[in-house]
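# pasting the sequence and the predicted coordinates here, then a few questions.
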There are 2 protein chains.
Amino acid sequence: MPSRPPAEPTRSGRPRSAAADAAILEATRASLVDLGWSKLTMGDVATRAGVAKTTLYRRWAGKNELVVDAVAVLFDELELPNLGSLAADVQAVVLQFAALLERPETKTSLMAVVAESTRDEALRGRIRDSIVARQKRLVLRGRERAQDRGELPAEPDPAMAARTADLVFDVIAGAVVHRALVSAEPVDTDWARRFTLLLLSGLGAAAQPALTTGQKPGGSV
Amino acid sequence: MPSRPPAEPTRSGRPRSAAADAAILEATRASLVDLGWSKLTMGDVATRAGVAKTTLYRRWAGKNELVVDAVAVLFDELELPNLGSLAADVQAVVLQFAALLERPETKTSLMAVVAESTRDEALRGRIRDSIVARQKRLVLRGRERAQDRGELPAEPDPAMAARTADLVFDVIAGAVVHRALVSAEPVDTDWARRFTLLLLSGLGAAAQPALTTGQKPGGSV
DNA sequence: CAGTTACGCTACGGGTCGTAGCGTAAGGAC
DNA sequence: GTCCTTACGCTACGACCCGTAGCGTAACTG
């Protein structure tokens, strides 16, 4: 997924090795696991991939871009199951996302590239396209299903609908990331259940968990 | 705030210069503003502070620890106002936190040190004590006030109360951080208002903002 | 075949790291 | 005041990584 210039589809000359691409990204993930973000070096990745260091620089501008691409594919694993209720769907996707954050490749690098992106507009765009977009789809699809089930009302204003989706996305992703990486405590089933209840029913209801289950959200969790 | 060994309160010999401490931390923040996290170097900080590089290493183990201490004091600015309702208090503290995250010193370094902490237990503890604890107090105090006002029920089980406070803390801090740094969109008054409504009343109520304002939360916002 | 592009390899200047060594400065104990 | 102890400034150093230039070779196109 390096940023090839979208120029001529058929160029003359020797084509780029797709095998090298795959080997480099795989080596990057392996190096992240062994060394972590801060001690990962381009030279090490090149050696692991069996590739010259110059080949890396011909495809990626640097460590940041390389790691984003190496980690992005992991987010393809995220899927929104159809478990019959909004609460169950939210809880399941929360646990999926948490499992992804538990992997050492993502754990050590996600926040690092986000930090770098605060001073690099191009990198921010790459993160948005490669990682954030993959997650946000889940929120949009989850809302669709909930509206089909009648759990959520239809939103007539599309602008407001988009803003609400963005809000919900930041709340879910932010809470899971903060729990897993900042508080550094486990995102287990119990936490996911309690978070889902809070998200759907609010703080007042979340304080009396057993009493408010009969309404809409807290069904078969 | 360097980690002095809590040994003898009165030691012989030349004492450490408190002025140097202050100058170093100030220089670190300035360097973060100018260079950002990744390009900040120990040598640059030493030069700005008018101090030898070795002096830095005598007090801090490295860049990570130094930056945590330099940024931690900024979190002392956070205060929980007493605006008369839980919703107003939450919204105000969200905007305060967002303003703090907008500062270039914190914006570029907070996520970076968190990322480092995933491979450094000692650093994680330092972050917890210096930064996270300062934020979490606000949640605990906010709940107290809300309970005094009758907006939240008293929680008999202290263990459950602590877990709920942790959950709420991760949701608030995580959402704001995610909005500001990952989505990279502004945390303005409108977003804070909508987030507060979602937190207090849940997803179902948040979809009809104007209709559910008469209950408890959305008072004078 | 020639033309074009990718690759591996080596080498390089430039920068940062973290530490060692030394002489000097600034306090406390007496 | 005179020791004693610790902190400071300074220089120098090896080690490491960065990112690039140069060159010969490999692979694919027409």
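All right, it came through fine. As the structure is a computational prediction, the values presented were derived from the model and not from experiment. Residues are numbered from 1 along each chain as shown, chains lettered A, B, ... in the order given.
# contacts and neighbour counts: CA atoms only from here.
OK.
# tell me the pLDDT of A:Arg11.
At A:Arg11, the pLDDT value in this model is 78.
# tell me the SS of it?
Three-state assignment for A:Arg11 (DSSP: H, G, I helix; E, B strand; the rest coil): coil.
# so how many other residues sit close to it?
Using other CA atoms under 10 Å in any protein chain shown, A:Arg11 has 8 other residues around it.
# cool, and A:Gln147?
The number of residues packed near A:Gln147 is 15, by other CA under 10 Å.
# again, but for A:Ala18
For A:Ala18, the neighbour count with other CA under 10 Å is 9.
# pLDDT wise, what is it at?
The model's pLDDT for A:Ala18 equals 96.
# remind me what the helix or strand bottoming out on mean pLDDT in chain A packs against, helices and strands.
Every helix and strand in chain A was compared by mean pLDDT, DSSP states H and E; the lowest is helix A:189-206, with a mean of 92. In terms of contacts (3 or more CA pairs under 8 Å, 6 or more residues apart in numbering or on different chains; DSSP states H and E), helix A:189-206 is packed against helix A:86-102, helix B:189-206.
# by how many degrees do the last one and helix B:86-102 diverge?
Direction vectors for helix B:189-206 and helix B:86-102, defined by axes from the mean of the first three to the mean of the last three CA atoms, to 10 degrees, enclose an angle of 130 degrees.
# where does chain A dip in pLDDT?
The model of chain A has pLDDT under 70 over residues A:1-10, A:206-221.
# what's the domain layout of it?
Domain ranges of chain A: A:18-59, A:72-206, per automatic domain parsing.
# hey, which of those domains is tucked in deepest?
Mean neighbour count (mean count of other CA atoms under 10 Å in any protein chain shown) peaks for domain A:72-206 among the domains of chain A, with a mean of 19.
# is it up against DNA strand D anywhere?
No: Domain A:72-206 is not in contact with DNA strand D by CA under 7 Å from any atom of the strand; minimum separation 12.6 Å.
# ok, now stretch A:18-38?
No: using CA under 7 Å from any atom of the strand, stretch A:18-38 never reaches DNA strand D; the gap is at least 9.0 Å.
# element containing the closest residue to A:Asp76 other than its chain neighbours?
Sequence neighbours aside, A:Arg134 is the residue nearest to A:Asp76 in space, at 7.0 Å (criterion: CA to CA, 6 or more residues apart in numbering or on different chains). Secondary structure assignment for A:Arg134, by DSSP states H and E: helix A:133-149.
# do the lengthiest helix in chain A and chain B meet at all?
In chain A, taking DSSP state H as the definition, the longest helix is helix A:18-39. Yes: using CA under 8 Å from any CA of the partner chain, helix A:18-39 reaches chain B at A:36-38.
# and stretch A:173-180, how far out from the chain's middle?
Counting by CA atoms, centre = their mean, to the nearest Å, stretch A:173-180 is centred 11 Å from the centre of its parent chain.
# cool, and stretch A:21-31?
19 Å.
# only C-alpha atoms, please: export it in PDB.
Extracted in PDB, the C-alpha atoms of stretch A:21-31 (Å, rounded to 0.1, in the frame of the first residue of the first chain):
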ATOM      1  CA  ASP A  21       6.200  -5.200  -0.200                       C
ATOM      2  CA  ALA A  22       4.700  -8.100   1.700                       C
ATOM      3  CA  ALA A  23       8.000  -9.100   3.200                       C
ATOM      4  CA  ILE A  24       8.700  -5.500   4.400                       C
ATOM      5  CA  LEU A  25       5.400  -5.100   6.000                       C
ATOM      6  CA  GLU A  26       5.600  -8.400   7.700                       C
ATOM      7  CA  ALA A  27       9.100  -7.600   8.900                       C
ATOM      8  CA  THR A  28       7.900  -4.300  10.200                       C
ATOM      9  CA  ARG A  29       5.300  -6.000  12.300                       C
ATOM     10  CA  ALA A  30       7.800  -8.500  13.600                       C
ATOM     11  CA  SER A  31      10.200  -5.700  14.500                       C
END
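# give me the residues contacting that stretch.
Here stretch A:21-31 makes contact (CA atoms under 8 Å, 6 or more residues apart in numbering or on different chains) with A:40, A:44-46, A:48-51, A:56, A:66-67, A:69-71, A:105.
# one more pass at 10 Å, please.
A:1-2, A:17-18, A:20, A:32-37, A:39-42, A:44-51, A:55-56, A:59, A:63, A:66-71, A:73, A:104-106, A:109 (CA atoms under 10 Å, 6 or more residues apart in numbering or on different chains).
# what residues does chain A put near DNA strand C?
Residues of chain A found near DNA strand C (CA under 7 Å from any atom of the strand) are A:11-17, A:20, A:50-55, A:58.
# run the last query once more with 6 Å
Residues of chain A that fall close to DNA strand C, judged by CA under 6 Å from any atom of the strand: A:12-17, A:20, A:51-52, A:54-55.
# now those residues in TSV, with distance to B:Val90?
Shown next, in TSV, are the residues of chain A next to DNA strand C (distance: CA to CA, whole Å):
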residue	distance to B:Val90
A:Ser12	61
A:Gly13	61
A:Arg14	60
A:Pro15	57
A:Arg16	54
A:Ser17	54
A:Ala20	51
A:Val51	53
A:Ala52	53
A:Thr54	52
A:Thr55	51
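# ok, of these, which one's closest to DNA strand C?
Nearest to DNA strand C among the residues of chain A next to DNA strand C, counting by CA to the nearest atom of the strand, is A:Gly13 at 2.8 Å.
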